[in-house]
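Trainee: Using only what follows, build the 3D model:
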Amino acid sequence: MTQVGVQLYSVREAMTADPGNALDRLAAIGYRMVEPTFGLLGGDPAGFRRLLDARGLTACALHGPALGPLLDQIADAATAIGTDTVVVPAVPAGEFTTAAGITRVAHRLGDAAAVLGERGLRLAYHNHHFELANRPEGRPALELLAALLPPSVALELDVYWAAVGGVDVPALLGRLGDRVRLLHVKDGPATVDDPMTAVGAGTLPIPAILAAAPPGARRIVEIDRCDGDMFDALDASFAFLSQTAAGVR
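Mentor: Next up is the predicted model:
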């Protein structure tokens, strides 16, 4: 089976309390890829890499604020943990309300991607709902951004926040095409504030979404918050994706 990853923000409290134990539990579920945030590396990327190696885990990407003064540190950390991709987790929502703001974001992402490219790293951008809900020229701001980005910048499409933003996610994936190189796979009621669910237990058409995604896009489970035990929800998500052919390409 092709690997399915997990965003460690889902288990941020467990990672802070005892990262080795948290990674043990994820590995026991069956995950072999993890996507940490820069803050969860504990200031010791090399030590984090040792934790991964001891459990047969790999880092599929690193989330971090790469559009600011930490760019070099984030690049160093990505190399140390063994990933090839840095993901910008967010840009202020106000930038996506005008064409000028979207252009500024595109330029900033392109500049950061050029720096990372010299280090052998790729850059991706992760969306929330506002990049889809805002439509300054009658199209979702994320699509306007994608049209302005150089090929060196990919997208990590968060399918849940795209749905919250009011778009048909399979159709969006069709329009974005190979620009999407990573997916945040999550499920729930598709509202801004309500708890999320295990993948497959919510309102999103997950099989259709996965079938519409580029085959090579990395599938990464993320659950921002949920009722009940987070590890149980991640276990159920892994089981669902393991049974969904489009989820494990």
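Trainee: And the average pLDDT for stretch 225-235 is what?
Mentor: Mean pLDDT, computed over stretch 225-235, is 97.
Trainee: At which residues are the helices of the chain located?
Mentor: In the chain, the helices defined using DSSP state H lie at 12-17, 19-29, 45-54, 71-81, 99-117, 130-133, 141-148, 159-164, 169-176, 206-212, 230-242.
Trainee: Let's have those helices in TSV, adding distance to Gln3 and mean neighbour count.
Mentor: No exception for glycine: its C-beta is placed from N, CA and C like everyone else's. Output for the helices of the chain, formatted as TSV (distance: least, CB to CB, whole Å; neighbours: other CB atoms under 10 Å):
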stretch	distance to Gln3	mean neighbour count
helix 12-17	20	15
helix 19-29	12	17
helix 45-54	13	17
helix 71-81	16	20
helix 99-117	23	17
helix 130-133	27	24
helix 141-148	26	21
helix 159-164	18	26
helix 169-176	20	18
helix 206-212	14	20
helix 230-242	10	19
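Trainee: can you redo these as a markdown table with distance to Arg218?
Mentor: What follows is the helices of the chain, written out as a markdown table (distance: least, CB to CB, whole Å):
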| stretch | distance to Arg218 |
| --- | --- |
| helix 12-17 | 20 |
| helix 19-29 | 16 |
| helix 45-54 | 16 |
| helix 71-81 | 15 |
| helix 99-117 | 17 |
| helix 130-133 | 20 |
| helix 141-148 | 18 |
| helix 159-164 | 13 |
| helix 169-176 | 14 |
| helix 206-212 | 12 |
| helix 230-242 | 12 |
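Trainee: for those, which one sits closest to Asp193?
Mentor: With CB to CB as the criterion, Asp193 lies closest to helix 159-164 of the helices of the chain, at 9.9 Å.
Trainee: neighbouring contacts of that closest one?
Mentor: Helix 159-164 has contacts (CB atoms under 8 Å, 6 or more residues apart in numbering) with 127-129, 132-133, 142, 169, 172, 183-188, 190-192, 196, 203-204, 206, 209.
Trainee: Output that helix as CSV, restricted to C-alpha atoms.
Mentor: Backbone C-alpha positions of helix 159-164 (Å, rounded to 0.1, in the frame of the first residue of the first chain) are rendered in CSV as follows:
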residue,chain,number,x,y,z
VAL,A,159,-9.8,19.8,1.1
TYR,A,160,-11.8,20.5,4.3
TRP,A,161,-11.2,24.3,4.3
ALA,A,162,-11.8,24.4,0.5
ALA,A,163,-15.3,22.9,1.2
VAL,A,164,-15.9,25.4,4.0
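Trainee: any idea how far the residue nearest to the spatial centre of the chain is from Ala124?
Mentor: Taking CA atoms, centre = their mean, the centroid of the chain lies closest to His184, which sits 4.5 Å from it. His184 is 11 Å from Ala124, where distance means CB to CB, to the nearest Å.
Trainee: got it, and Ile102?
Mentor: With distances taken as CB to CB, Ile102 is found 17 Å from Ala124.
Trainee: Where does pLDDT dip in this structure?
Mentor: Along the chain, segments meeting pLDDT under 70 span 1-2, 245-249.
Trainee: how about Arg32, what does it touch?
Mentor: Counted by CB under 8 Å, 6+ apart, Arg32 has contacts 3-5, 56-58.
Trainee: hmm, I was thinking of Val88
Mentor: Contacts of Val88 (CB under 8 Å, 6+ apart): 63-67, 109, 112, 123-126.
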